[in-house]
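1. task: produce atomic coordinates for the following.
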Amino acid sequence: QVQLVESGGGLVQAGASLRLSCAASGRTFRRYGMGWFRQAPGKEREFVAAISMSGVTTNYADSVKGRFLISRDNAKSTAYLQMNSLKPEDTAVYYCAAEEGGWGPGRNYDYWGQGTQVTVSS
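-> Numbering: from 1, shown residues only. Got it, this is the predicted structure:
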């Protein structure tokens, strides 16, 4: 069982940056691929970024490529999402997710956090 807790959301102006954190419980964090997803009001949840178990390989949605950076620190059992040049359309609840032995978009992630709100004003 893995518990995920996101933090770092908030209200910012367009062009600003935020860093989200996803802290995982347990000592097996390095066995899990990690993903970030988001859900805006009235829209379906969408993939944002994912990172492999080792942290060597990453994948991004086209809408955030070049602006967002996913990373992880296995020693701290934490994944991060650095969000730069934020736009109003990035406004959503952001969720982190973990999948044992797998990663990437379109996967069936095993565990999900409770989400953190990111609001970008114009």
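2. can you report phi and psi for the spatially closest residue to residue 52 that is not a sequence neighbour?
-> Computed as CB to CB, 6 or more residues apart in numbering, the closest residue to residue 52 that is not its neighbour in sequence is residue 103, at 5.1 Å. For glycine as for every other residue, the C-beta is placed from the backbone atoms N, C-alpha and C. Backbone torsions for residue 103, taken as degrees, to the nearest 10, come to phi -170, psi 170.
3. with residue 30 instead?
-> Dihedral pair for residue 30: phi -70, psi -10, per degrees, to the nearest 10.
4. and the closest residue to it other than its chain neighbours, what does it touch?
-> Of all residues not flanking residue 30 in the chain, residue 74 sits nearest, at 4.4 Å (CB to CB, 6+ apart). Neighbouring residues of residue 74 by CB atoms under 8 Å, 6 or more residues apart in numbering: 29, 30, 55.
5. quick one: which of these has the most company?
-> Counting neighbours by other CB atoms under 10 Å, residue 29 comes out on top of these with 21 neighbours.
6. okay, the closest residue to it other than its chain neighbours and residue 120: tell me how far apart.
-> Excluding the flanking residues, the one nearest residue 29 by CB to CB, 6+ apart is residue 77, at 3.9 Å. For residue 77, the distance to residue 120 (CB to CB, to the nearest Å) stands at 28 Å.
7. what does stretch 80-88 contact?
-> Here stretch 80-88 has contacts from 12, 14-22, 36, 48-49, 64, 67-73, 90, 94, 96, 118, 120-122, using CB under 8 Å, 6+ apart.
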